[in-house]
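Student: A structural model of the following input is requested.
(one chain, ligands or ions: 2)
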Amino acid sequence: MSAAPADCARVTEEPARAGDPVRRGAASTVGATRTGPTAEAAGGADPNRPAPVLSVRGLSVRFLLPGGRRVDAVADASFDVAPGECLALIGESGCGKSVLASALLGLLPANSRTAGHAHLDDLDLLTADEPTLARTVRGRRVGLVPQSPAAHLTPVRTIRSHIEETVARLTGVRGRAARRKAAEQASQRAEFPRDHLDRHPHELSGGLAQRAATALALIGDAPLLLADEPTTGLDRDLVDRTVDELRRHVDDGHALLMITHDLAAAERIADRVAVMYAGRIVELTDAGAFFGSPGPRHPYSRGLLEALPERSFAPVPGLPPELGSLPGGCAFAPRCDRATDTCGALPVLENTVACHHPVPAPAAGPHATRTPEDTRA
Ligand SMILES: Nc1ncnc2c1ncn2[C@@H]1O[C@H](COP(=O)(O)OP(=O)(O)OP(=O)(O)O)[C@@H](O)[C@H]1O
Ligand code: NI
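Tutor: Ligands and ions are numbered 1, 2, ... in the order given. Predicted coordinates for the structure are as follows:
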């Protein structure tokens, strides 16, 4: 599913250094367009929704490559995640999901430039300095299940030693026996088998490494969890159990941003869904509306869902564009059977969708959000 783990690993293996001016100095160099989705679209204006744990506005990430080339991996992303809420971020391989997560944790490489805001309560994660991120954010305020867990584990240490060390660092548990017990409880939560705790990372399958990473990410009880493909390599039964454990974590009041290719897992866990295409969020809506009625409004989202074996099993025709040479206007237009000349202009995320020709919502229904397109269609 994840065809680009190397990219993701590359991002996370080269953390920005302390005092690195890249992120702090670069906030105005990218994302000249601030298309400004409504606060409601981002999930912020609903008075019934609790104040968000994470509030992202206009987040853009650009990579500068040799020869003056650049890759706009994330463009103008805005969304909120509230306590007790899971937002699933979905989209094809290479659309910018992991780069977005890395930006939130200050884990982008030095050839990146970010713009926008990502508020974790009163702290802007995009401008926070590396000591703050390292000492107070990663693990404590934001947990991470990385996409390539093996790359984040130290080869010469057992899983037990990783977990006990994290327990000691992030919790008040003191004493060897207590730490050992807490580590075993943490591994159990993520369905990591106790009899594998004394193994080294290279002795684990991808699925077991994934479960070890999930166990580690839950230990700090951080109010926000970023889980990047937490179910990769797991069989269906374990996917369901892992997702249900993450859902319990959400129901305990934590916020979860879950990146996944697995739409069945997203349907099982998510309260809201954000669909990313070529670096942009093109749809942001309630999971019930997305997976049920009226279904996705963006033609791309609809195509993603229809590609599922239990639906039409027909892939979205064509391939996503290279992020280094994006066409002007709607990046999906070349693959879209609803495209017209209008799509030469960049669509803004309005209500729930960034599309000049969204799939019409039915006339009535609890989730129907009518747009001018509905009346034209
Ligand atoms: N350090 C880098 N330098 C240049 N481009 C990069 C760098 N890291 C990532 N990219 C590019 O950014 C884009 C988004 O990558 P990202 O890993 O976020 O995709 P993704 O949506 O997580 O894909 P997948 O589902 O396969 O994990 C890709 O085109 C990738 O090649
Ligand atoms: Ni990724």
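
Student: Is the residue of the stretch 101-250 of the chain found nearest ligand 2 part of a helix or strand, or is it coil?
Tutor: Nearest to ligand 2, among the residues of the stretch 101-250 of the chain, is residue 147, at 4.7 Å (Cβ to the ion). Backbone N, C-alpha and C define where each C-beta goes, glycine included. With DSSP: H, G, I helix; E, B strand; the rest coil as the basis, the three-state label of residue 147 is coil.

Student: what are the phi and psi values for it?
Tutor: Backbone torsions for residue 147, taken as degrees, to the nearest 10, come to phi -70, psi -30.

Student: same thing with the one 4 residues further on?
Tutor: Torsion angles at residue 151 (phi, psi; degrees, to the nearest 10) stand at phi -70, psi -20.

Student: Check residue 161 too.
Tutor: Main-chain torsions, residue 161, degrees, to the nearest 10: phi -70, psi -40.

Student: what's the burial count for it?
Tutor: The tally of other residues near residue 161 (other Cβ atoms under 10 Å) stands at 15.

Student: gap between it and ligand 1?
Tutor: From residue 161 across to ligand 1, the span is 28 Å (Cβ to the nearest ligand atom, to the nearest Å).

Student: And the residue of the stretch 101-250 of the chain closest to ligand 2, how close does it get to residue 287?
Tutor: Using Cβ to Cβ, to the nearest Å, we find residue 147 at a distance of 22 Å from residue 287.

Student: So which of the two has more stuff around it?
Tutor: Neighbour totals were compared for residue 147 and residue 287, and residue 147 leads with 27 against 18 (other Cβ under 10 Å).

Student: my guess is the more buried one meets residue 102, correct?
Tutor: No: contact criterion Cβ atoms under 8 Å: residue 147 and residue 102 do not qualify, at 9.4 Å.

Student: residue boundaries of the strands in the chain?
Tutor: Using DSSP state E, the strands of the chain run over 54-64, 70-81, 86-90, 112-120, 123-124, 142-145, 224-228, 255-259, 272-277, 280-286.

Student: and the residue of this structure nearest ligand 2?
Tutor: Ligand 2 sits closest to residue 98 of the chain, with a gap of 3.0 Å, by Cβ to the ion.

Student: hang on, that residue packs against residue 261?
Tutor: No: Residue 98 is not in contact with residue 261 according to Cβ under 8 Å; the separation is 11.4 Å.

Student: Run through the helices of the chain in chain order.
Tutor: Along the chain, counting by DSSP state H, helices occupy 5-13, 21-25, 39-42, 97-104, 130-132, 149-152, 159-170, 176-189, 206-219, 236-251, 263-269, 287-291, 299-306, 372-376.

Student: Deepest-packed of those helices, please.
Tutor: Sort the helices of the chain by mean neighbour count, taking mean count of other Cβ atoms under 10 Å, and helix 97-104 sits at the top with a mean of 26.

Student: Adding mean pLDDT, write the helices of the chain out as TSV.
Tutor: Formatted as TSV, these follow (pLDDT from 0 to 100):
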stretch	mean pLDDT
helix 5-13	33
helix 21-25	30
helix 39-42	60
helix 97-104	98
helix 130-132	97
helix 149-152	86
helix 159-170	96
helix 176-189	96
helix 206-219	94
helix 236-251	94
helix 263-269	96
helix 287-291	97
helix 299-306	96
helix 372-376	41
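
Student: Turn those helices into JSON lines, including distance to residue 72.
Tutor: Formatted as JSON lines, the helices of the chain follow (distance: least, Cβ to Cβ, whole Å):
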{"stretch": "helix 5-13", "distance to residue 72": "15"}
{"stretch": "helix 21-25", "distance to residue 72": "16"}
{"stretch": "helix 39-42", "distance to residue 72": "20"}
{"stretch": "helix 97-104", "distance to residue 72": "10"}
{"stretch": "helix 130-132", "distance to residue 72": "24"}
{"stretch": "helix 149-152", "distance to residue 72": "25"}
{"stretch": "helix 159-170", "distance to residue 72": "35"}
{"stretch": "helix 176-189", "distance to residue 72": "38"}
{"stretch": "helix 206-219", "distance to residue 72": "29"}
{"stretch": "helix 236-251", "distance to residue 72": "30"}
{"stretch": "helix 263-269", "distance to residue 72": "25"}
{"stretch": "helix 287-291", "distance to residue 72": "26"}
{"stretch": "helix 299-306", "distance to residue 72": "18"}
{"stretch": "helix 372-376", "distance to residue 72": "26"}
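
Student: Lovely, talk soon.
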